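K.L.:
got a structure for you, letters missing:
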């Protein structure tokens, strides 16, 4: 949640399944968006994937897509033509529509970017808080997300090498049913005859003669409009801040990658970590809760929101389980112990994607 929130606030919590983590896969990372050589991954690691996949269960649906044909192919793409990513249309992404947003919804009371307009997450979605030991932390706010990861598909050859130049394939974007910033990686094995970017949609993955294997890896890759920026990364996160290209129904989409700590599914879902927050007006009062904005120190943007973990902790997750404490206790809260001593007004109020990008 950011410091400035819309009056059109809703609560959405979705739950569903996933699987256990495979540390060797490089995740959603794909080099520069214009670099066609990495196929959606810079690091090949032990999964050997250029762009990891997410959603290749044998009887799995297409990730919220209706059956669409433009990404289809027959016989591993031998009868279809590859698509040049540089020449492909771009999907218009809107994270602030009624369908996509929960805490951040475009309305007459705010100036959230229009559909397709770049978003500067450093300017308005960066929050200053405290870590469990009282260290100052900063984190991005990417709004409420479900606990069920969405599928993403990455392509490898039969020897395990990434398919050079192939972009990862996703079946949902913000606003689609089943979308999530958190992706369950699925590996798609293709023959040596397969030509990169012949498959550009989920139907082509699930309808092709491929071996599709669900891995144990979840990656945090928010899909955003082209040109969006989020420049900060945690010291333990070696992923680039550049946008990564992927395929969605024959069109190019862009996403960030945050890898401050490897994520392992918990009972098939994205793991959670608690956070304790307070608002200028307490929930239950007129205009209270998120719409009133986080309470901050006088004269600066320092909240007294407290994360229960940081990336060096084994239990860390950027999907935060939000607990709201009484703002009367604001001055006394500066670490996890003091947050736990505060009067809790609401537990598990939302699950929000907030990767920690600095601590000191």
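P.N.:
On my side now, so go ahead. Just so it is clear, the structure is predicted and the values come from calculations on it, not from any experiment.
K.L.:
look at residue 270 and say how many residues are nearby.
P.N.:
28 (other Cβ atoms under 10 Å). In short, each C-beta sits where N, CA and C put it, glycine included.
K.L.:
what about the helices in the stretch 101-250 of the chain?
P.N.:
121-124, 202-207 (DSSP state H, counting those that start in this stretch).
K.L.:
now the shortest one: mean pLDDT?
P.N.:
Going back to what we said before, that points to helix 121-124. For helix 121-124, the mean pLDDT works out to 96.
K.L.:
spatially central, which residue of this structure would that be?
P.N.:
The structure's the chain has its C-alpha centroid closest to residue 181; by Cα atoms, centre = their mean the separation is 2.4 Å.
K.L.:
go ahead and confirm that one touches residue 224.
P.N.:
No: at 9.6 Å, residue 181 and residue 224 do not qualify as touching, with contact defined as Cβ atoms under 8 Å.
K.L.:
look at the nearest residue in space to residue 102 that is not next to it in sequence and say how many residues are nearby.
P.N.:
Spatial nearest neighbour of residue 102, excluding adjacent residues (Cβ to Cβ, 6 or more residues apart in numbering): residue 144 at 3.8 Å. A count of neighbours around residue 144, defined by other Cβ under 10 Å, yields 24.
K.L.:
and if you look at residue 208?
P.N.:
21.
K.L.:
residue 340 too?
P.N.:
15.
K.L.:
equivalent analysis for the one 4 residues further on, please.
P.N.:
If you count neighbours by other Cβ under 10 Å, residue 344 ends up with 14.
K.L.:
how close does it sit to residue 282?
P.N.:
To residue 282, residue 344 is 11 Å away according to Cβ to Cβ, to the nearest Å.
K.L.:
residues shared between the contacts of these two?
P.N.:
324, 326 (Cβ atoms under 8 Å, 6 or more residues apart in numbering).
K.L.:
related to what we said a few turns ago, against residue 154, how distant is the residue nearest to the centre of the chain?
P.N.:
Taken as Cβ to Cβ, the span from residue 181 to residue 154 is 17 Å.
K.L.:
and what of residue 221?
P.N.:
12 Å.
K.L.:
low-confidence stretches in the stretch 1-150 of the chain?
P.N.:
Scanning the stretch 1-150 of the chain for pLDDT under 70 picks out the ranges 1-79.
K.L.:
redo that, cut-off 90
P.N.:
The model of the stretch 1-150 of the chain has pLDDT under 90 over residues 1-80, 109.
K.L.:
do a quick rundown of the strands in the stretch 201-350 of the chain.
P.N.:
Along the stretch 201-350 of the chain, counting by DSSP state E, counting those that start in this stretch, strands occupy 211-220, 223-224, 244-248, 251-255, 258-263, 273-277, 302-307, 319-325, 344-346.
K.L.:
thinking again about what came up before, and of the helices of the stretch 101-250 of the chain, who's closest to residue 308?
P.N.:
helix 121-124 (23.1 Å; Cβ to Cβ).
K.L.:
for the closest one, buried residues please.
P.N.:
Across helix 121-124, burial judged by 16 or more other Cβ atoms under 10 Å covers 121, 124.
K.L.:
residue 248: neighbour count?
P.N.:
26.
K.L.:
quick one: contacts for it?
P.N.:
Neighbours of residue 248 in contact, by Cβ under 8 Å, 6+ apart: 91, 169, 170, 171, 172, 173, 201.
K.L.:
mind checking how far it is from residue 215?
P.N.:
20 Å.
K.L.:
what's the answer for residue 257, then?
P.N.:
16 Å.
K.L.:
low-confidence bits of the stretch 201-350 of the chain, can you list those?
P.N.:
Using pLDDT under 90, the stretch 201-350 of the chain drops low at 264-268.
K.L.:
and residue 189, what is it in contact with?
P.N.:
Taking Cβ under 8 Å, 6+ apart as the test, what residue 189 contacts is 155, 156, 157, 158, 210, 211, 212, 213.
K.L.:
and it, what's its pLDDT?
P.N.:
98.
K.L.:
I'd like the numbering to begin with 11 instead of 1 from here.
P.N.:
All right, first residue 11 from here; so that's residue 199.
K.L.:
count the neighbours of the nearest residue to it once chain neighbours are set aside for me.
P.N.:
Nearest non-adjacent residue to residue 199, counting by Cβ to Cβ, 6+ apart: residue 221, 4.3 Å away. For residue 221, the count of nearby residues is 12 (other Cβ under 10 Å).
K.L.:
so who does the residue lying closest to residue 326 once chain neighbours are set aside touch?
P.N.:
In space, and not counting its chain neighbours, residue 326 is closest to residue 319: 4.1 Å by Cβ to Cβ, 6+ apart. The contact partners of residue 319, taken as Cβ under 8 Å, 6+ apart, are 142, 283, 325, 326, 327.
K.L.:
distance of residue 319 relative to residue 113?
P.N.:
From residue 319 to residue 113 the distance is 21 Å (Cβ to Cβ).
K.L.:
for PyMOL, what selects the buried ones among the contacts of residue 199?
P.N.:
Selecting only the buried entries of the contacts of residue 199 in PyMOL, with 16+ other Cβ under 10 Å as the criterion:
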select buried, resi 165+166+167+220+222+223
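K.L.:
and for residue 327, the neighbour number?
P.N.:
Neighbours of residue 327 (other Cβ under 10 Å): 26.
K.L.:
show me what contacts it?
P.N.:
Residue 327 neighbours (Cβ under 8 Å, 6+ apart): 271, 273, 280, 281, 282, 283, 319.
K.L.:
out of those residues, who's nearest residue 263?
P.N.:
Closest to residue 263, out of all of these and judged by Cβ to Cβ, is residue 280, at 20.1 Å.
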